[in-house]
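Enquirer: just need the structure, nothing else, for what follows:
(chains A and B)
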Amino acid sequence: MPKVLMKGNEAFGEGAIRAGCRCTFAYPITPQSELTHFLARRLPEIGGVFVQAESEVSAINMVYGAAAAGARVLTSTSSPGISLMQEGLSYIAGARLPCVVVNVMRGGPGLGNIAPAQGDYWQAVKGGGHGDYRLIVLAPASVPEIIALMELAFDLADKYRNPVMVVGDGVLGQMMEPVELESGEIRTAPEKPWATTGQGDRPQRNVINSLHIVPEDNERFNLDQAAVFAEIRRREQRSEEYRTEDAELVLMAFGTVARVAKAAVDRARARGIRAGLIRPITLWPFPDESVRRAAAQAQQFLVVEMNLGQMLEDVRLSVNGKRPVHFYGRPGGTVPTVREILDEVSRIMG
Amino acid sequence: MPKAFQRPQALTDKAFHYCPGCTHGIIHRLVAEAIDQLGMRTKTVGICPVGCAVFAYDYFNCDMIQAAHGRALAVATGVKRVLPDRLVFTYQGDGDLAAIGTAETVHAAARGEKITAIYVNNAVYGMTGGQMAPTTLLGQKTTTTPLGRERETAGFPLRVAEMLSTVEGAVYVSRVSVHSPRHVRQAGRAIRKAFEIQLRGLGFSLVEVLSICPTNWGLNSLEALKWLEKEMLPVYPLGELRAPAEEDAG
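Expert: As a prediction, the model looks like this:
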């Protein structure tokens, strides 16, 4: 296996290409720029399409069109761009179209800054656009995992006909790590008999639409989607557990800060504190089964995030009052250090 | 006995929901006839707007996509880039294309996307209840300009065809009307020409079609047709504002 050194932002693009994506629409924004630079160069080389849109609003609607036409399609942006895409995401979910959206999160709210942050957790997993819908949300924590989860993202999008968001942050986008690229295996999109490609030889024409003007019809659509979401919840929860077997204190963190939390777990263990870590890989569906299992044994939880406590709410819902759930976070584009987390661990376990 | 006149294949059998006297039905028919004449019905993807034509996916007998308000030309861009040999058109009103979708319109044209916009200008928002559109004439009464559109507070009507005629990627820009049988025939020819130019890969095309809204103008159909001729034509003059040289157009 050839090992190459790759930047996180480029790995998002490499993963997309390996997943069979040949189509990207995006508007420039920091700190995800290398992702679009990479795809603007690579996609035309392999017969693909890269279009720089006039705005994120337009980019997500180009994605809507390409997805309707049956393509595996990607857009990439950072926090303020995701805010602009919410209308399009709601329509894409409402029209049951598969696509993948990357959010390399930065500090907010407003213009905030371009430093790494996780302040878009609620926006990603609780909706953001109008109506009852869900995004499948994946959170890689390393460059190799970015590639693996991008491939998974396209598969899940097609399997459930639902948009998938992959969230990183400025640290993950900018860091370089060695990756092993399995040679040869390039995926292709499955057959999409529902796509609007021109009727051709089909007996019937296809329509892509999210309008159900009769309330009972729209209710039926929503209930059908609820069944899809329930199936996703049942089948697609993913998380990594680290030293949780005998843990009295379980840390919970995703993405970049999960790496810091993992180091804090080791340091705590060296001090004789039985700490462990659950790292959600799917933010939605939230891995509540892992958390419930851990709550049967662990005495306490500590959620660590690069925000003011957003995933915290989902952890508390999963723990459901059985154990104390503490929080340590740094918002606005700052990253908790191992020492800070360790101090918090010591205070709790005092 | 052969039928001399029948429903175009590119229209379904579904009855239009449009108000009595509305000219959307005529424009739908012209688009469908052009698709039929080019033999493209099974190779066409249409994108319908939010506005009076929101249900156009029920009427055009080809693959159809319903877009968010103003975004049809971005959606069309996505379709065409994936399927470059299909005929891709949008059908949009003036609120959709010239207000909330102005950026999508200008930049689809600037990129020279090989798609066609059928742009229906009736100087008012129809479906939402007769509000001022970007195309509303000075002095024209609407539900949000009850005393008539005043330049001081509500600005001036936007001439989309003239604006796009300065854009290099927009290779065919034409304004037509459907207020008389002669104009209907001209409009049909312009729509067909726009589709042909798209299929030849020359660039972006837009046909602005002046249309009436008896319901929201508060006029009967005949009065509305006369109002279009008398009031709209001076502000929105008809003609080809931009067209490829004959040897390019073929």
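
Enquirer: from now on I want contacts and neighbour counts done on CA atoms only, so please keep to that.
Expert: Noted.

Enquirer: what segments of the stretch 201-350 of chain A are strands?
Expert: A:207-208, A:239-242, A:249-252, A:275-280, A:282-284, A:300-305, A:325-329 (DSSP state E, counting those that start in this stretch).

Enquirer: quick check: closest non-adjacent residue to B:Leu137.
Expert: B:Pro157 (5.7 Å; CA to CA, 6 or more residues apart in numbering or on different chains).

Enquirer: ok, the one you found - contacts?
Expert: By CA atoms under 8 Å, 6 or more residues apart in numbering or on different chains, the contact set of B:Pro157 is B:Pro134, B:Thr135, B:Thr136, B:Leu137, B:Leu138.

Enquirer: tell me the secondary structure at A:Thr24.
Expert: Using DSSP: H, G, I helix; E, B strand; the rest coil, the secondary structure recorded for A:Thr24 is strand.

Enquirer: right, and it touches A:Arg42 too?
Expert: No: taking contacts as CA atoms under 8 Å, A:Thr24 lies outside contact range of A:Arg42: 10.9 Å.

Enquirer: quick revisit: now rank the contacts of B:Pro157 by neighbours and give me the top one.
Expert: Counting neighbours by other CA atoms under 10 Å in any protein chain shown, B:Thr136 comes out on top of the contacts of B:Pro157 with 26 neighbours.

Enquirer: got a pLDDT number for it?
Expert: Looking at B:Thr136, its pLDDT stands at 98.

Enquirer: same question for B:Asp248.
Expert: 57.

Enquirer: more neighbours: A:Thr24 and A:Arg42, which one.
Expert: A:Thr24 (30 against 18).

Enquirer: from A:Thr75, how far out is that one?
Expert: 6 Å (CA to CA, to the nearest Å).

Enquirer: okay, and the common contacts of these two?
Expert: With CA under 8 Å, 6+ apart, A:Thr24 and A:Thr75 have common neighbours A:Val63.

Enquirer: thinking again about what came up before, now the contacts of B:Pro157 in JSON lines, with secondary structure?
Expert: Formatted as JSON lines, the contacts of B:Pro157 follow (three-state DSSP):
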{"residue": "B:Pro134", "secondary structure": "coil"}
{"residue": "B:Thr135", "secondary structure": "coil"}
{"residue": "B:Thr136", "secondary structure": "coil"}
{"residue": "B:Leu137", "secondary structure": "coil"}
{"residue": "B:Leu138", "secondary structure": "coil"}
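
Enquirer: a markdown table for those residues, including distance to A:Lys262?
Expert: Putting these into a markdown table (distance: CA to CA, whole Å) gives the following:
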| residue | distance to A:Lys262 |
| --- | --- |
| B:Pro134 | 57 |
| B:Thr135 | 60 |
| B:Thr136 | 63 |
| B:Leu137 | 66 |
| B:Leu138 | 67 |
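
Enquirer: burial measure for A:Cys99, as a count.
Expert: A:Cys99 has 32 nearby residues by other CA under 10 Å.

Enquirer: how about it: what's its closest non-neighbour residue?
Expert: A:Pro163 (4.8 Å).

Enquirer: and the one you found, what's its pLDDT?
Expert: 98.

Enquirer: low-confidence regions, the chain specifically.
Expert: Using chain A here. Scanning chain A for pLDDT under 70 picks out A:1, A:183-186.

Enquirer: other chain: chain B
Expert: B:247-250.

Enquirer: top helix in chain B by residue count?
Expert: In chain B, taking DSSP state H as the definition, the longest helix is helix B:181-199.

Enquirer: next one: that one to chain centre, how far?
Expert: Distance of helix B:181-199 from its chain centroid, counting by CA atoms, centre = their mean, to the nearest Å, is 11 Å.

Enquirer: right, is it up against chain A?
Expert: No: using CA under 8 Å from any CA of the partner chain, helix B:181-199 stays clear of chain A, with a minimum separation of 14.4 Å.

Enquirer: all strands of chain B, in order?
Expert: All strands of chain B, identified by DSSP state E, fall at B:44-48, B:63-66, B:87-93, B:116-121, B:170-177, B:204-210, B:239-242.

Enquirer: got the contact list for the fourth one?
Expert: Taking CA under 8 Å, 6+ apart as the criterion, the residues outside strand B:116-121 that touch it are B:73, B:88-94, B:97, B:135, B:191, B:194-195, B:198, B:204-211.

Enquirer: can you check the longest one too?
Expert: With CA under 8 Å, 6+ apart as the test, strand B:170-177 has contacts from B:109-110, B:112, B:161, B:164-165, B:183-184, B:186-187, B:190, B:194, B:197, B:202-211, B:236-244.

Enquirer: out of those, which are buried?
Expert: B:109-110, B:112, B:161, B:164-165, B:184, B:186-187, B:190, B:194, B:197, B:202-211, B:236-243 (16 or more other CA atoms under 10 Å in any protein chain shown).

Enquirer: the longest helix along chain A: how far from the chain's middle?
Expert: Assignment by DSSP H gives helix A:215-235 as the longest helix of chain A. Computed by CA atoms, centre = their mean, the chain-centroid distance of helix A:215-235 equals 21 Å.

Enquirer: any part of that helix near chain B?
Expert: No: against chain B, helix A:215-235 shows no contacts by CA under 8 Å from any CA, the least distance being 15.5 Å.

Enquirer: got phi/psi on A:Asp169?
Expert: When read as degrees, to the nearest 10, the backbone of A:Asp169 gives phi -150, psi 180.

Enquirer: that one bridge partners, please.
Expert: Assessed by DSSP bridges, A:Asp169 has beta-bridge partners A:Met105.

Enquirer: measure it to A:Leu302 for me?
Expert: Distance from A:Asp169 to A:Leu302, by CA to CA: 21 Å.

Enquirer: and the two? Which one has more around it.
Expert: A:Asp169 (31 against 24).
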